[in-house]
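Novice: Just need the structure, nothing else, for what follows:
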Amino acid sequence: MNRTTRARALRSVAPVAGLLAAGLLVWQGSYAAFNATTANTSDAWSTGSLSLTNNGGTATYSGTTSALFTETGLKIGDTGTKCITVQSGGSIAGSLKLFRGTVSGTNSAALAPALRVTVEAAGVAAATNVAANCTGFPGTGITTLHSATALSALPTDYASATGVAVATGTQRVAYRITWSLPTTGTTGGDNALQSSTAQADLTWEIQ
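Specialist: I've put the predicted structure just below:
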């Protein structure tokens with residue numbers, strides 16, 4: 001092989017050799033590194049639950065109970081008090097609030113502002129069942145949520161109501177609700193309340 005032929009052969013082999021060398025470097029770079037890992041396994045998330053029932057002033061708890069107040073034949077100066085116990089059985093804590101529904105009835109636009117409502121709340125033991133006549137309502141640890149507030153002025157949703165803190169598990173909160181019908185201040189105003197009715201749902205909610 002002459003010099004010219006040998007030079008041409010070397011030039012043709014050089015690119016191939018270069019590719020082989022580059023491939024070897026890539027292989028070494030890919031497989032020659034050290035490695036270590038660590039893992040935190042089985043991460044999981046689950047939600048808790050909230051539940052409420054009330055005794056309607058009786059000894060039986062249910063999600064919905066019949067009317068606590070069915071007052072008739074009222075006159076100026078009358079008043080009355082009844083109790084109801086609300087039971088929470090959730091797996092998470094929350095804030096328990098009371099609010100009213102829409103007021104309806106005959107001439108309720110006059111009677112609802114005239115009726116005054118006081119609402120007091122107190123936590124009781126999980127085995128305590130406060131009756132409608134308020135037997136068993138505690139003498140201490142009482143929170144006054146509303147004091148002589150017009151029925152029409154009671155909160156109408158959760159956001160505007162005042163809450164009572166409730167822990168997890170079975171918890172009971174007793175509510176003492178007192179109503180009164182004071183004078184409007186004038187004979188004409190009092191007489192305008194005759195033959196009137198006012199009706200509204202009371203709702204407890206926990207969040």
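Novice: For the residue nearest to the spatial centre of the chain, which non-adjacent residue is closest in space?
Specialist: Central residue of the chain (C-alpha atoms, centre = their mean): residue 207, 1.0 Å from the mean position. Ranked by C-beta to C-beta, 6 or more residues apart in numbering and with sequence neighbours excluded, the top spatial neighbour of residue 207 is residue 94, at 5.5 Å. Backbone N, C-alpha and C define where each C-beta goes, glycine included.
Novice: For residue 143, give the beta-bridge partners.
Specialist: Note on residue 143: beta-bridge partners by DSSP bridges are residue 121.
Novice: hey, where'd the strands end up in the protein?
Specialist: Here the chain has its strands, by DSSP state E, at 52-54, 79-88, 94-100, 116-124, 142-150, 163-166, 171-180, 202-206.
Novice: Select, out of the ones you listed, the one closest to residue 37.
Specialist: Of all the strands of the chain, strand 94-100 sits nearest to residue 37, with 41.7 Å by C-beta to C-beta.
Novice: Run through this protein and note the low-pLDDT ranges.
Specialist: Applying pLDDT under 70 to the chain flags the ranges 1-32.
Novice: 50 instead?
Specialist: Residue ranges of the chain with pLDDT under 50: 7, 9-10, 13, 19-21, 24-25, 27.
Novice: need the strands of the chain in CSV with distance to residue 136, can you?
Specialist: As requested, those are exported to CSV (distance: least, C-beta to C-beta, whole Å):
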stretch, distance to residue 136
strand 52-54, 15
strand 79-88, 8
strand 94-100, 19
strand 116-124, 7
strand 142-150, 13
strand 163-166, 18
strand 171-180, 7
strand 202-206, 19
